[in-house]
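*Asks:* all I have is the shape, not the residue letters:
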């Protein structure tokens, strides 16, 4: 069955915007989507993956290496042989909650070890996700030892494997995308901070939106091929928008005034470190590129600030308002 089209998703504007930003600039640090069950979180993430233009990769490389990048960090490409390239779909790898550490990082290839007596590495999910997306549904239920592992790899972009007499490093740069229901538990602060953007999705409250969602889903389930064919033109428009934004991104400027606004906003909210300002700058620049603008403006900062900052706020026992309300209040104070 074809994937539900990204262009057919009704509502959930903040989530769709965040996913498009991550597609334009993976350096923003990934996307976390928290909200009610049945609000299209998984649907939107898989729809974006089907929409992404293909990438160039080295033929036969299990790590999806870029043929134009240095080969030193890849055990497959560092042998000095010819690096033929081909186009392939951007990988979107699911990390199941019950996955073992061996399955995630990779392990000894037992078949070759027992059959040929050769120590060979069997790549894991992190290898498959390199230069793509690593998707974790119910991310707040992920086991702690896997969280620690992902924190290390996300920080370095390299997966180091030391086991069964194997010692190996390979590239593992991916956009981390997580979804979950906040009622089922919270993320550890260290892991939460690794996500560039955090979106809140909720069940639509107005009747017209609910009807539009149900109609779209019903039409898709009754005739998936026909439904997707009818949306093919809109899908191509979004794909072209992503490609143009990627080309435009390096030339988008961030004026000192925009950086000052970002710093004042983070100071007003009391965010720790400078990751808040960095994320605001990167995401606002990607949003400007998507809009076709050459300069980041106050409007771009305003539109992206809740998603970039709401998960970076300290708990305030004297303030019962939610993190989104606190960001909106700070925006009103800073952007007078």
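*Replies:* Okay, I see it. In this text, all values refer to a predicted model and were calculated from it rather than measured experimentally.
*Asks:* when you work out contacts or count neighbours from here on, use the C-alpha atoms and nothing else.
*Replies:* Fine.
*Asks:* which stretches of the protein form strands?
*Replies:* Taking DSSP state E, the strands of the chain run over residues 31-35, 55-58, 85-88, 92-94, 106-108, 121-123, 133-137, 158-163, 166-171, 175-180, 197-201.
*Asks:* could those strands be laid out in TSV, adding distance to residue 261, mean neighbour count and mean pLDDT?
*Replies:* Shown next, in TSV, are the strands of the chain (distance: least, C-alpha to C-alpha, whole Å; neighbours: other C-alpha atoms under 10 Å; pLDDT from 0 to 100):
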stretch	distance to residue 261	mean neighbour count	mean pLDDT
strand 31-35	23	24	88
strand 55-58	36	19	86
strand 85-88	41	14	85
strand 92-94	35	19	89
strand 106-108	44	20	77
strand 121-123	44	18	80
strand 133-137	31	22	89
strand 158-163	34	16	81
strand 166-171	36	16	81
strand 175-180	27	24	88
strand 197-201	18	24	90
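*Asks:* dump these into JSON lines; add distance to residue 269 as well.
*Replies:* Putting these into JSON lines (distance: least, C-alpha to C-alpha, whole Å) gives the following:
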{"stretch": "strand 31-35", "distance to residue 269": "20"}
{"stretch": "strand 55-58", "distance to residue 269": "39"}
{"stretch": "strand 85-88", "distance to residue 269": "43"}
{"stretch": "strand 92-94", "distance to residue 269": "34"}
{"stretch": "strand 106-108", "distance to residue 269": "41"}
{"stretch": "strand 121-123", "distance to residue 269": "42"}
{"stretch": "strand 133-137", "distance to residue 269": "29"}
{"stretch": "strand 158-163", "distance to residue 269": "33"}
{"stretch": "strand 166-171", "distance to residue 269": "36"}
{"stretch": "strand 175-180", "distance to residue 269": "24"}
{"stretch": "strand 197-201", "distance to residue 269": "16"}
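*Asks:* tell me which of these sits nearest to residue 292.
*Replies:* strand 197-201 (21.2 Å; C-alpha to C-alpha).
*Asks:* contact partners of that closest one?
*Replies:* 12, 14-15, 18, 28-36, 39, 41, 307-311 (C-alpha atoms under 8 Å, 6 or more residues apart in numbering).
*Asks:* for stretch 284-296, same thing?
*Replies:* Here stretch 284-296 has contacts from 21, 24-25, 241-242, 244-246, 248-249, 251-255, 258, 300-301, 304, using C-alpha under 8 Å, 6+ apart.
*Asks:* for that stretch, which positions count as buried?
*Replies:* Using 16 or more other C-alpha atoms under 10 Å as the test for burial, stretch 284-296 gives 284-290, 293-296.
*Asks:* pull the number of nearby residues for residue 183.
*Replies:* Using other C-alpha atoms under 10 Å, residue 183 has 10 other residues around it.
*Asks:* now do the helices in the stretch 1-150 of the chain.
*Replies:* 13-24, 41-51, 101-105, 110-116, 125-129, 144-156 (DSSP state H, counting those that start in this stretch).
*Asks:* nearest to residue 325, of the strands of the chain?
*Replies:* strand 197-201 (12.3 Å).
*Asks:* what's the angle between the closest one and helix 41-51?
*Replies:* Taking axes from the mean of the first three to the mean of the last three C-alpha atoms, to 10 degrees, one finds strand 197-201 and helix 41-51 inclined to each other by 130 degrees.
*Asks:* and the helices in the stretch 151-300 of the chain, which stretches?
*Replies:* According to DSSP H, counting those that start in this stretch, the helices that the stretch 151-300 of the chain contains are 189-192, 207-222, 224-230, 232-248, 256-269, 275-291, 298-309.
*Asks:* identify each buried residue in the third one, please.
*Replies:* When you say that, I think you mean helix 224-230. Buried residues in helix 224-230 (16+ other C-alpha under 10 Å): 224, 227-228.
*Asks:* related to what we said a few turns ago, in CSV, list the helices of the stretch 1-150 of the chain along with mean neighbour count, mean pLDDT and distance to residue 185.
*Replies:* CSV is the format used below for those (neighbours: other C-alpha atoms under 10 Å; pLDDT from 0 to 100; distance: least, C-alpha to C-alpha, whole Å):
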stretch, mean neighbour count, mean pLDDT, distance to residue 185
helix 13-24, 22, 92, 20
helix 41-51, 20, 84, 17
helix 101-105, 17, 87, 22
helix 110-116, 12, 55, 37
helix 125-129, 24, 90, 25
helix 144-156, 15, 84, 13
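*Asks:* can I get these in JSON lines including distance to residue 336?
*Replies:* Converted to JSON lines, those look like this (distance: least, C-alpha to C-alpha, whole Å):
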{"stretch": "helix 13-24", "distance to residue 336": "23"}
{"stretch": "helix 41-51", "distance to residue 336": "34"}
{"stretch": "helix 101-105", "distance to residue 336": "48"}
{"stretch": "helix 110-116", "distance to residue 336": "64"}
{"stretch": "helix 125-129", "distance to residue 336": "43"}
{"stretch": "helix 144-156", "distance to residue 336": "36"}
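*Asks:* out of those helices, which gets nearest to residue 137?
*Replies:* helix 41-51 (7.4 Å).
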